[in-house]
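Student: Turn this into a model:
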Amino acid sequence: MLFASCAKSVERLLCDELIALGAQNVQEKLAGVFFEASQEVAYKICLYSRLANQVYWQLAKDPIESANDLYECVYGIEWGMYFDVNKTFKITVSGKHSAFNNTQFAAQKGKDAVVDQFRDKEGKRPNVDSINPEVIIALHFQKNEVFVYLSLSGESLHRRGYRQSQGQAPLKETLASAILLRSGWQSELQQNPTPILIDPMCGSGTILIEAAMMAYNIAPNIHREVFAFEHLKNFDATLWQGIHQQAQEKAFKSDKKITLIGYDYDASVIDKARENIDRAGLNDYIDLQVQAIESLSAKTGYSNGLIVTNPPYGQRLYHDQDDKLNRLFQQFGKRLIASFYGWEVCIFSAAYDATKQLGIRSYRQNKFFNGKIPTTLFKFHIDDQWVMKQESVTQKTKRLADKSITEDDKHLAFKNRLYKNYQQLSKWAAQNAIECFRVYDADIPEFSAAVDLYNRYVHVQEYQAGKNVDPVLAKKRLYQMLHHIHKLFDVPYQHIYVKTRQKQAGKQQYEKLNTMDNFHVVKEHDALFYVNFSDYLDTGLFLDHRKMRKIVAKASHKKYLLNLFAYTCTASVHAALNHAKSVVSVDMSKTYLEWGQRNFSLNHLQSTAYQFIQADCLSWLKEKVSSHNKPAQRKDKTPNQFDVIFLDPPTFSNSKRMQNTLDVQRDHVVLIELAMKLLADDGVLYFSNNYRKFTLDSTIQQNYQCENIDHQCLSRDFARRPNIHHCWEIRKRK
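Tutor: Predicted structure coming up:
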């Protein structure tokens, strides 16, 4: 059995590719494909696969419970049958297992087993080379099992060898090939006698090079000097030489007139693309020119073709420059409509909002992952059916907002208050490195909404109107607010997000409002966070908890932190940035924990000291306290005690993932008592909640040293609502 790994969302394409290359019994899995193949087919896959990252030969699959089980499994393989003792090797580890705190420990156990087996069988041991090993042994943990593989490919197959010069946001070669396949480039090559492909924002040229290699039958890995299978004992040099020779004979042959054109506005980037194209041996097959998107047009004689491109989408390039990104897409859309009627256009992007600026509806969307970034391949056909001619949502909002302010003068009071608040708060925010803050909170009853500024975005929470309020009047007031928000903050209407704020409970707290996956990056002090204004009831960043996050982070310096009801782990990120020794984040929602992990990655925080546990916090506390009292029963690797605990439960929850409902007033005693059992003697518990009528139980005040710190946690932008949350600092009595 063999296994080919790939990027998530590419599995189906990889299955088709492997079948075309001769693989049998193909089974699609997450991030890869299991299959069977002869030695000849395995060699061909390593040479010809455009999509696989690694090709592995599975040697063992065993259930394991401990490090010793892993050692016995690896030791039990007759390694001398596969490679010579004089070969260098290394162990790679992927997946997770409860027996191992980190991958380095598992790799060490595996290495010991291989070395010991050689020494016991042959009297000498192979050497380890972590940089340029001849043999790679891969261990993968999944559901308490270990898969033991030998790599046939060696270095990841996405490294074709031609790309040594790259721009700021390079696209992996394997992902570029997947994009081209989904874009229909192979169909163009088969069906069109004069296929043409243009990349108008080509960067370092990866899409163009991969397209040329497909067009001219060039095996993607033909320039590789050595594959790992060449170091194995069963290597058939004659067979491999014949396969390689056949690939060389096929290369650069086509009976069609193929046109490949790349543009970029940056001359230095075009120079890098030329260097890459030269290394790939494709100088005579790809035309490059320095040209801005505003000058894009179809050349004379080209009536139709395919455009495939990976424009900036606000992660590495154009970060915090949404207006500039929107203008880029607007210009791109204008040029497509003006010069490319009848063409197919495929845009690979994570900038969902920006793609709307094209003025063209996509007829299909394919989901991908660019690393960990959820990304979409938007497919467009440029003709009358898909070019938007009707009024867009943004155009309608602008029209109604402009109309609303002509109907009365009541809105001037809102305008003046909004301006006054912003003048006062913007200076304070700038001085404190805060770009997300509340600028208005129903200061004037008729204009009943909370207005939060998130850098270049505005989140408006319209309070649910009472039964006696005229809905037509309420809608007019909302449009009047939107008009002044647009004008004062100089933000486009598409950057203003409106929600109706009402009491939520249980399942509603976690449900998505829609599925746009529309994330943006904002900054709070020295931390970056992903926020989402459209898909969830909350944005992912509670602004009123800003000071509490800072207090928790300061207390966690070189300490062990437990963050319960962690939500998107924003307090955890601040603590980690302040050099907490360990950060354990617990939350019932898988969605929010994964969001939290993305926040950690965004801040380049990667360590085994940061743990994310999906669990009902109350149940987890009970189990943790129980196992803490009985060390032999402990299964997790979290600390025994914590120096700082942040406990911020919701007011109420009846999620189906919980054993019982949670009511903060009713259940806070048991939550605090359990948490205090995990607190170090000189530690501190910060307890917070947003239930306006909350009262701390007297038994807690009697048993522990409790200090109300509401005043310390109230930020200036929430001064109008001093009872917005209740916060305590709780310590053990000495």
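
Student: hey, let's count contacts and neighbours off CA atoms from now on
Tutor: Fine.

Student: Residue ranges in the stretch 151-300 of the chain under the pLDDT threshold?
Tutor: 165-169 (pLDDT under 70).

Student: Tell me where it has strands.
Tutor: Secondary structure of the stretch 151-300 of the chain by DSSP state E, counting those that start in this stretch: the strands cover 196-199, 259-264, 287-290.

Student: Which parts of the helix or strand that the last one is followed by count as buried, going by neighbours?
Tutor: Read in the C-terminal direction, the helix or strand following strand 287-290 is strand 306-309, with elements assigned using DSSP states H and E. By neighbour count, and taking 16 or more other CA atoms under 10 Å as the criterion, the buried residues in strand 306-309 are L306, I307, V308, T309.

Student: likewise stretch 76-90?
Tutor: For stretch 76-90, burial by neighbour count (16+ other CA under 10 Å) applies to I77, W79, Y82, F83, D84, V85, K87, T88, F89, K90.

Student: Of the strands of the stretch 151-300 of the chain, which is nearest S9?
Tutor: strand 196-199 (22.8 Å; CA to CA).

Student: mind giving me the domain split of this structure?
Tutor: Following automatic domain parsing, one finds the domains of the chain at 2-151, 173-216+254-381, 393-502, 528-732.

Student: could these go into a markdown table alongside distance to R224?
Tutor: Formatted as a markdown table, the domains of the chain follow (distance: least, CA to CA, whole Å):
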| stretch | distance to R224 |
| --- | --- |
| domain 2-151 | 9 |
| domain 173-216+254-381 | 11 |
| domain 393-502 | 46 |
| domain 528-732 | 32 |
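
Student: Skipping adjacent residues, who's closest to L189 in space?
Tutor: Nearest residue to L189 in three dimensions, chain neighbours excluded: P195, at 5.9 Å (CA to CA, 6 or more residues apart in numbering).

Student: Distance of the one you found relative to F147?
Tutor: From P195 over to F147 the distance is 44 Å, taken as CA to CA, to the nearest Å.

Student: try I207
Tutor: Separation of I207 from F147 (CA to CA) stands at 34 Å.

Student: go on, T309?
Tutor: 38 Å.

Student: same deal with G342?
Tutor: In terms of CA to CA, G342 sits 50 Å off from F147.

Student: And for D129?
Tutor: 22 Å.

Student: Kindly report the same for V531.
Tutor: Counting by CA to CA - V531 and F147 are separated by 37 Å.

Student: Would you map the helices across the stretch 601-734 of the chain?
Tutor: 617-629, 664-677, 698-703, 710-713 (DSSP state H, counting those that start in this stretch).

Student: Tell me which other helices or strands the longest one touches.
Tutor: The one in question is helix 664-677. helix 617-629, strand 679-689, helix 698-703 (3 or more CA pairs under 8 Å, 6 or more residues apart in numbering; DSSP states H and E).

Student: list the buried ones in the second one?
Tutor: In other words, strand 679-689. L679, A680, G683, V684, L685, Y686, F687, S688, N689.

Student: and which of those residues is nearest to M481?
Tutor: N689 (30.1 Å).

Student: Bridged to that closest one, which residues?
Tutor: Note on N689: beta-bridge partners by DSSP bridges are H726.

Student: what's the burial count for the closest residue to A7 other than its chain neighbours?
Tutor: Closest residue in space to A7, ignoring its immediate chain neighbours: A31 at 5.4 Å, by CA to CA, 6+ apart. Using other CA atoms under 10 Å, A31 has 17 neighbouring residues.

Student: got JSON lines for the buried residues of strand 679-689, with pLDDT and distance to E65 too?
Tutor: JSON lines is the format used below for the buried residues of strand 679-689 (pLDDT from 0 to 100; distance: CA to CA, whole Å):
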{"residue": "L679", "pLDDT": "96", "distance to E65": "30"}
{"residue": "A680", "pLDDT": "96", "distance to E65": "31"}
{"residue": "G683", "pLDDT": "97", "distance to E65": "34"}
{"residue": "V684", "pLDDT": "97", "distance to E65": "36"}
{"residue": "L685", "pLDDT": "98", "distance to E65": "35"}
{"residue": "Y686", "pLDDT": "98", "distance to E65": "37"}
{"residue": "F687", "pLDDT": "97", "distance to E65": "38"}
{"residue": "S688", "pLDDT": "96", "distance to E65": "39"}
{"residue": "N689", "pLDDT": "94", "distance to E65": "40"}
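
Student: and of these, the nearest to E407?
Tutor: Nearest to E407 out of those is N689 (CA to CA; 41.9 Å).

Student: Quick one: distance of the one helix or strand V586 maps to to the chain centre.
Tutor: Per DSSP H and E, V586 falls inside strand 582-587. How far strand 582-587 lies from its chain's middle: 19 Å, per CA atoms, centre = their mean, to the nearest Å.

Student: I'd like the numbering to begin with 56 instead of 1 from here.
Tutor: Got it, the first residue is 56 from now on, which makes the last one we talked about strand 637-642.

Student: Which residues outside it are in contact with it?
Tutor: 614-622, 624, 627, 630-631, 648, 664-672, 693 (CA atoms under 8 Å, 6 or more residues apart in numbering).

Student: Parallel or antiparallel, which strands does it pair with?
Tutor: Going by DSSP bridges, the partners of strand 637-642 are strand 615-619 (parallel), strand 665-669 (parallel).

Student: Kindly calculate the angle that the last one makes with helix 672-684.
Tutor: Relative orientation of strand 665-669 versus helix 672-684 (axes from the mean of the first three to the mean of the last three CA atoms, to 10 degrees): 120 degrees.

Student: Show residues contacting strand 665-669.
Tutor: Counting by CA under 8 Å, 6+ apart, S637, V638, V639, S640, V641, D642, M643, S644, K645, L648, Q652, T693 sit against strand 665-669.

Student: to the chain's geometric centre, what's the distance from it?
Tutor: With CA atoms, centre = their mean, you get 17 Å for strand 665-669.

Student: Restricting the selection to alpha carbons, write that strand to CSV.
Tutor: Taking C-alpha atoms only, strand 665-669 is exported to CSV below (Å, rounded to 0.1, in the frame of the first residue of the first chain):
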residue,chain,number,x,y,z
TYR,A,665,-0.1,26.2,23.8
GLN,A,666,-3.0,23.7,24.1
PHE,A,667,-6.5,23.9,22.7
ILE,A,668,-9.1,21.6,24.3
GLN,A,669,-12.6,21.3,23.0
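
Student: where along the stretch 206-355 of the chain do the helices fall?
Tutor: Using DSSP H, counting those that start in this stretch, helices in the stretch 206-355 of the chain cover 228-238, 240-246, 261-270, 292-305, 322-334.
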